[in-house]
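pasted the sequence and its predicted model underneath.
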Amino acid sequence: MNRTVVTLVGKDHVGIIAAVCNFFAENNINILDIKQTTVQEYINMILVVDTSGYTGSSDEMAAGLNAVGERVGCVIKAMHEEIFDMMHRI
Amino acid sequence: MVELKEVFETYEMVSHENLDVRTITMGISLLDCIDPDIDTLCDKIYAKITEKAKDLVKVGDEIGLEYGVPVINKRVSVTPIAIIGGAACRCPSDFVKIAKTLDKAGEKVGVNFIGGYSALVQKGMTPADMNLIESIPEALACTERVCSSISLGSTKTGINMDAVRLMGDIVVKTAEATKERDSIGCAKLVVFCNPPDDNPFMAGAFHGVTEADCVINVGVSGPGVVNNALSKVRGQSFEVLCETIKKTAFKVTRVGQLFAKEASRRLDVPFGIVDLSLAPTPAVGDSIADIIQEMGMERCGAPGTTAALAILNDQVKKGGVMASSYVGGLSGAFIPVTEDRSMAEAAEIGALTLEKLEAMTCVCSVGLDMIAVPGSTPSTTIAGIIADEMAIGMVNQKTTAVRIIPVIGKDVGDRVQFGGLLGDAGIMPVNGYGCADFVNRGGRIPAPIHSFKN
């Protein structure tokens, strides 16, 4: 299991989650968990995904998520889960 | 399972507070390259650096993308070249050949700086040390990436005043040699007292002779993150202030520790140290002066600044030490004037003076850093400034340094623009009274007594 946390921030509208989930499905990335909050018209979402089936590079994944983000008007960023464990757990 | 709050805190740090890993520096020993023939020596140096560091930039970028925290610089440091070139170099121009080789190797592997064009002369100078020091103006003018550092003193040996006097001249000559570019050569030249062997930060990085063949050292950063955390505890007691810095430093250093371990694993090179330094950049919000101002100073340089910096430096270490398995390098807060936007502003309006900066260097790492002074400053005065800073390091058993830039053709009221991470600033005034008779005496200042501490 290679867990990556994907964050998405932007103005909420129809189809954001669909676009992101499609990207993961097309790249053989399994979604393990989704959490989201909406404050007024803004959406804050985190997805925990398993990238062990993904064959591309980190570079391609970042570029792919950027492209999806631009299409739906959100900022999407992927970070390996280990960084959160390191920073917030002793 | 990760929490939403933690994810967004980390996300904010990266996207709005300039959290980054400032540098992954590969230290490479060149001791096994030593050869009496200068061309063979250069070939061996080029071959070793380009082999060891061939994947450094690729791996650094990869880790940055995967973990979502950018790695700003990938760099190489090597064994002090005065030692490596001792057998082969008969004159300063032989050393310039090595500088060009280092520059070429740095370009090949894609690093932005390569440090170690250095000599350790805190007690005395060999002919090779002399030749290297004399070659510095030309070496820094004809290369892009090479950084030079000279150790002039230590707590154990005292201060080599002959070398201090000589470096006063060399700083001015280096400024002259690059005068058409605001004397930028001096930004790549630093003199030290008590330099660490494992410093990953430029311009002072070199790979000490007691180090392994090849190691990975990582320098973290994050003044913006500390500043933001402090803005949330405005007006609260020193206890709260210190705890906040400590906790923030812990989180920032954990990122460095993770990256250092990961780079070490992927490159199959042992992990050396994490350097806990808070290093500012000219980017808005990425400033040490902003932290000092957030603590309550109207401007950086106001009375209270030295105490504020002492708190910052100590708490960063306390938080950072627990976050990393091996801490080393310079570890503290940097105060480079041109590289820190708010500090440069404070200097320009007269709130921050050279004398106050000197006082600040007593409580932080490293020293008088990136200070632009009038090009007409006499070399004896520069030697005097260096001697003062070396004395602070020697007596207080800490690392101190001087990176001063006499900008040829410019005076107080003019501005310099180095661009990029080196930033820009106004020229700072220097005390006009001379010290030539002092620095021209020659010889050494003996090591200080280690008892009767007062």
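It's in.

ranges for the helices of the stretch 251-400 of chain B?
B:288-295, B:305-323, B:341-348, B:354-360, B:379-396 (DSSP state H, counting those that start in this stretch).

nearest to chain A, of those?
helix B:305-323 (8.1 Å; CB to the nearest CB). The C-beta positions use only the backbone N, C-alpha and C, and glycine is treated the same way.

packing partners of the closest one?
Counting by 3 or more CB pairs under 8 Å, 6 or more residues apart in numbering or on different chains; DSSP states H and E, the packing neighbours recorded for helix B:305-323 are helix B:238-267, helix B:288-295, strand B:327-328, helix B:354-360.

residues in contact with that helix?
Residues outside helix B:305-323 that contact it (CB atoms under 8 Å, 6 or more residues apart in numbering or on different chains): B:220, B:226, B:238, B:241-242, B:245-254, B:256-257, B:274, B:276, B:278, B:288, B:291-292, B:295-297, B:327, B:331-333, B:335, B:352, B:356, B:359-360, B:362-365.

how about residue B:77, nearest residue that isn't a chain neighbour?
residue B:205 (3.9 Å; CB to CB, 6 or more residues apart in numbering or on different chains).

SS state for the one you found?
Following DSSP: H, G, I helix; E, B strand; the rest coil, we place residue B:205 in the coil state.

pLDDT score assigned to it?
The score at residue B:205 is 95. That number is its pLDDT.

I'd guessed it sits against residue B:111; true?
No. With contact defined as CB atoms under 8 Å, residue B:205 does not count as touching residue B:111 (11.1 Å).

got a list of what residue A:3 touches?
A:32, A:48-51, A:80-81.

can you name the two of the residues you listed that are farthest apart?
Taking CB to CB as the measure, the contacts of residue A:3 span a maximum distance of 13.8 Å, between A:32 and A:80.

closest one to residue B:413 among the helices of the stretch 251-400 of chain B?
Of all the helices of the stretch 251-400 of chain B, helix B:341-348 comes closest under CB to CB, at 9.7 Å.

now do that closest one against helix B:305-323, angle only.
160 degrees (axes from the mean of the first three to the mean of the last three CA atoms, to 10 degrees).

hang on, residue B:172 packs against residue B:379?
Yes. Counting by CB under 8 Å, residue B:172 does reach residue B:379; the two are 4.5 Å apart.

which residue does the stretch 51-200 of chain B bring closest to chain A?
residue B:68 (3.2 Å).

need the contact list for the residue lying closest to that residue once chain neighbours are set aside.
Distances taken as CB to CB, 6+ apart put residue A:79 closest to residue B:68, at 3.2 Å, once the chain neighbours are dropped. Contact partners of residue A:79, counting by CB under 8 Å, 6+ apart, are A:4-7, B:10-11, B:67-69.

count of neighbours near residue B:124?
Neighbourhood size, residue B:124 [other CB atoms under 10 Å in any protein chain shown]: 11.

so it, which state does it fall into?
Recorded secondary structure, residue B:124: coil (three-state DSSP).

shouldn't it be in contact with residue B:160?
Yes. The pair residue B:124 / residue B:160 is scored as a contact, 6.6 Å apart, by CB under 8 Å.

how about the contacts made by residue B:66?
Per CB under 8 Å, 6+ apart, neighbours of residue B:66: A:58, A:80.

which SS class is the residue nearest to residue B:68?
From three-state DSSP, the assignment for residue A:79 is strand.

any idea how far residue B:262 is from it?
13 Å (CB to CB, to the nearest Å).

shared neighbours of the two, which are they?
residue B:67.

hang on, isn't residue B:138 packed against residue B:97?
No. Residue B:138 is beyond contact range of residue B:97, at 10.8 Å (criterion: CB under 8 Å).

leaving out chain neighbours, which residue sits closest to residue B:115?
Nearest to residue B:115 is residue B:205, by CB to CB, 6+ apart, at 3.5 Å.

quick check: residue B:376 vs chain A, distance?
49 Å (CB to the nearest CB, to the nearest Å).

that residue contacts residue B:411, doesn't it?
Yes. Judged on CB under 8 Å, residue B:376 makes contact with residue B:411 at a distance of 6.9 Å.

count the neighbours of the residue nearest to residue B:77 for me.
32.

now swap in residue B:290 and tell me
Residues near residue B:290, counting by other CB under 10 Å: 24.

got it, and residue A:26?
9.

what's the closest non-adjacent residue to residue B:249?
The spatially closest residue to residue B:249, leaving aside those adjacent along the chain, is residue B:319, at 3.2 Å (CB to CB, 6+ apart).

equivalent analysis for residue B:129, please.
residue B:119 (4.3 Å).

name the strands paired with the one helix or strand that neighbour maps to and say parallel or antiparallel.
In this structure, residue B:119 sits in strand B:113-120 according to DSSP states H and E. Partners of strand B:113-120 in the sheet, by DSSP bridges, are strand B:71-78 (parallel), strand B:146-154 (parallel).

return the most buried member of those.
Ranked by mean neighbour count, these are led by strand B:146-154 with a mean of 27 (mean count of other CB atoms under 10 Å in any protein chain shown).

packing partners of the helix or strand following that strand?
With elements assigned by DSSP H and E, the helix or strand that comes after strand B:146-154 is strand B:158-160. Applying 3+ CB pairs under 8 Å, 6+ apart, one finds that strand B:158-160 contacts strand B:146-154, helix B:379-396, strand B:444-445.

okay, now the sheet partners of the shortest one, with direction.
Each strand that strand B:444-445 pairs with, and the sense of that pairing, follows from DSSP bridges: strand B:158-160 (antiparallel).

need the contact list for residue 30.
Went with chain A since none was named. Here residue A:30 is in contact with A:24, A:49-50, A:53 (CB under 8 Å, 6+ apart).

meant chain B, my bad for not saying
Contacts of residue B:30 were listed using CB under 8 Å, 6+ apart, and they are B:45, B:48, B:78-79, B:81, B:84, B:116, B:207.

among those, which one has the most neighbours?
Result: residue B:207 is most packed of those (other CB under 10 Å), 30 neighbours.

quickly find the element holding residue 23.
In the absence of a named chain, chain A is used. Per DSSP H and E: helix A:16-26 holds residue A:23.

switch to chain B, that's the one I care about
strand B:21-28.

is the residue of chain A found nearest chain B in a bridge, and if so with what?
Closest approach between chain A and chain B, counting by CB to the nearest CB: residue A:79, at 3.2 Å. For residue A:79, the beta-bridge partners are residue A:5 (DSSP bridges).

by contact count, what packs against the strand holding residue B:23?
Counting by 3+ CB pairs under 8 Å, 6+ apart, strand B:21-28 packs on helix B:38-52, helix B:56-67, strand B:71-78, strand B:214-220, helix B:238-267.

list residues touching both of residue B:205 and residue B:111?
In contact with both residue B:205 and residue B:111: residue B:75, using CB under 8 Å, 6+ apart.

chain A: helices as residue ranges?
Ranges of helices in chain A, per DSSP state H, are A:16-26, A:58-72, A:82-88.

re earlier: out of the contacts of residue A:3, which one sits closest to residue B:176?
residue A:80 (49.1 Å).

any idea how far the closest one is from residue B:8?
On the measure of CB to CB, residue A:80 and residue B:8 end up 16 Å apart.

just to revisit the earlier point, helix or strand right after the strand holding residue B:119?
Defined by DSSP H and E, the subsequent element after strand B:113-120 is helix B:127-141.

contacting residues for residue 59?
No chain in the question, so chain A it is. B:61-62, B:65 are the contacts of residue A:59 under CB under 8 Å, 6+ apart.

chain B, not that one
By CB under 8 Å, 6+ apart, the residues touching residue B:59 are B:263, B:266-267.

how about these in TSV, adding neighbour count, distance to chain A and pLDDT?
Formatted as TSV, these follow (neighbours: other CB atoms under 10 Å in any protein chain shown; distance: CB to the nearest CB, whole Å; pLDDT from 0 to 100):
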residue	neighbour count	distance to chain A	pLDDT
B:263	25	14	95
B:266	15	12	96
B:267	21	16	96
